[in-house]
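Asker: Have a look at this prediction, sequence included:
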Amino acid sequence: MTDLLVLADDLSGAAESAAALRVRGSRRYGPVHVALWPAPVPPGDVVIDLHSRHLPAADVEHRLTDVLHHHRSRTVVTKVDSLLRGNLVPVVRAARKTVLLAPALPVAGRTVRDGRLLVEGRPLATTAAWAIEDRPAPDTVADALPGVPTTTLPLDLVRSKDLATHLVRIDDGTVVICDAETDDDLDRLVTAASGCALVGSAALVAAVARALPAGTPEEPELPRDARSVVVVVGTAEPVAQQQLRELERAGAPVVDLPCTDVLDGTAATHLTNAARNPLTVVRLTGRAEGRSLSRALGRVVADAVGPADLVLTGGETARQVLDALGVPSLRVVGQIEHGAVRSETPDGRHVVTRPGSFGAPDSLLTIVRALNPDLLRGTP
């Protein structure tokens, strides 16, 4: 049976992909591991968080090329952001062949039509999805690939019997931007894509997994005692801030950490005291440069949380916290809701990661209750 390797540029996306891999063929099977680069990669189906979304283009391409060289025997899918954030150019160049690019994520209302990414039917560039980015959103998928030869695969061709024949005729080195509105569209693309490098969202990863031979059925997880929970909202995404307010309204104790205190380390004592409670929610206040703040927040959280289970929103925040805790890998054991992935660290801590842009207003409340049903009991 072919081992599947998924390469992701951030941790929440890596966990999302691993959750998709837990269904192989038509059968659910056991946990999938996420290796935090440069940690060793175990055998079997595995996802690597390359931690590369914010790297310079040359470094991204070098890291991808090196990993692809060392795992030539595996079936490889490269997972990219379904909102086209990150540097896509080095990702497709590292493939060194025709690339089938399918960023659609139908379950989240993210589709591609006429080469344009739509969010709930609206062009990406007209939404607030890139509000916290340092540049405007691309108008088309091709606009996210300056200098790269591209062609668009329209939806009627994706759904036609001539799809495979058409793909074979495309020049090597071209990026094929694929229209897709449903998971069935992605299944068709995977079936027809022999010889192409596969790059896309976690929904494309799931389509690849569905096309593979069925895995061994999973065994039920053994029950474990509930632990205290620390929630860290490390993203400025507006939807995550709304979810935090819903959690606070339900009675969750919220600890406000000024960014300046996080950066100079003085927030650690305050959080250590608060984290002794059964539930602690961390909210950042003020403003600071993103990556420096994420690294400092990771150190503060790691020093304060003890053995508590963690809820980490935003891939950069999640990675920095786990790096500070010395966690080399995660064993993905389930998904509470789409994108909210429950994993276990080697020392038995449960960690839920979720992209900052995902989830309904009650998403964080749902996650906390899934980790410890005794918390916030009886709240709406």
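Answerer: Looks like it arrived, so ask away. Numbers count the residues shown, from 1 in each chain.
Asker: show me where pLDDT drops low in this protein?
Answerer: 1, 24-29, 215-222, 288-289, 378-380 (pLDDT under 70).
Asker: Can you tell me the closest non-neighbouring residue to residue 302?
Answerer: Leaving aside its chain neighbours, residue 302 sits nearest to residue 324 (3.5 Å; criterion: CB to CB, 6 or more residues apart in numbering). C-beta coordinates here come from the backbone N, C-alpha and C atoms, glycine included.
Asker: shouldn't that neighbour be in contact with residue 296?
Answerer: No - counting by CB atoms under 8 Å, residue 324 sits too far from residue 296 to count as a contact (9.6 Å).
Asker: Compare those two (neighbour count), which wins?
Answerer: It is residue 296, of residue 324 and residue 296, that has more neighbours when counted by other CB atoms under 10 Å, with 21 against 17.
Asker: Identify each buried residue in stretch 121-132, please.
Answerer: Residues of stretch 121-132 classed as buried: 124-125, 129-130 (neighbour count, 16 or more other CB atoms under 10 Å).
Asker: Identify the farthest-apart pair in those.
Answerer: 125 and 129 (9.1 Å; CB to CB).
Asker: Find the residues that touch each one of these two.
Answerer: Both residue 125 and residue 129 are contacted by residue 137, under the criterion CB atoms under 8 Å, 6 or more residues apart in numbering.
Asker: The spatially closest residue to residue 153 that is not a sequence neighbour: what's it in contact with?
Answerer: The spatially closest residue to residue 153, leaving aside those adjacent along the chain, is residue 178, at 4.7 Å (CB to CB, 6+ apart). Taking CB under 8 Å, 6+ apart, we find residue 178 in contact with 100-102, 104, 112, 153, 158, 185, 189, 200.
Asker: so of these, which ones are in strands?
Answerer: Residues of these located in strands (DSSP state E): 100-102, 112, 153, 200.
Asker: can you list the residues you listed in JSON lines and add neighbour count and distance to residue 141?
Answerer: Putting those into JSON lines (neighbours: other CB atoms under 10 Å; distance: CB to CB, whole Å) gives the following:
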{"residue": "100", "neighbour count": "24", "distance to residue 141": "12"}
{"residue": "101", "neighbour count": "30", "distance to residue 141": "7"}
{"residue": "102", "neighbour count": "29", "distance to residue 141": "10"}
{"residue": "112", "neighbour count": "30", "distance to residue 141": "7"}
{"residue": "153", "neighbour count": "23", "distance to residue 141": "11"}
{"residue": "200", "neighbour count": "27", "distance to residue 141": "11"}
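Asker: from those, which is closest to residue 231?
Answerer: Relative to residue 231, the closest of the ones in strands among the contacts of residue 178 is residue 200; by CB to CB it sits at 29.9 Å.
Asker: how far away is the closest one from residue 154?
Answerer: Separation of residue 200 from residue 154 (CB to CB, to the nearest Å): 17 Å.
Asker: With residue 267 instead?
Answerer: Computed as CB to CB, the residue 267 to residue 154 distance reads 52 Å.
Asker: More neighbours: the two, which one.
Answerer: The neighbour comparison of residue 267 against residue 154 (other CB under 10 Å) goes to residue 267, with 26 against 14.
Asker: Without its sequence neighbours, what residue ends up closest to the more buried one?
Answerer: Per CB to CB, 6+ apart, closest to residue 267 is residue 261, 4.0 Å.
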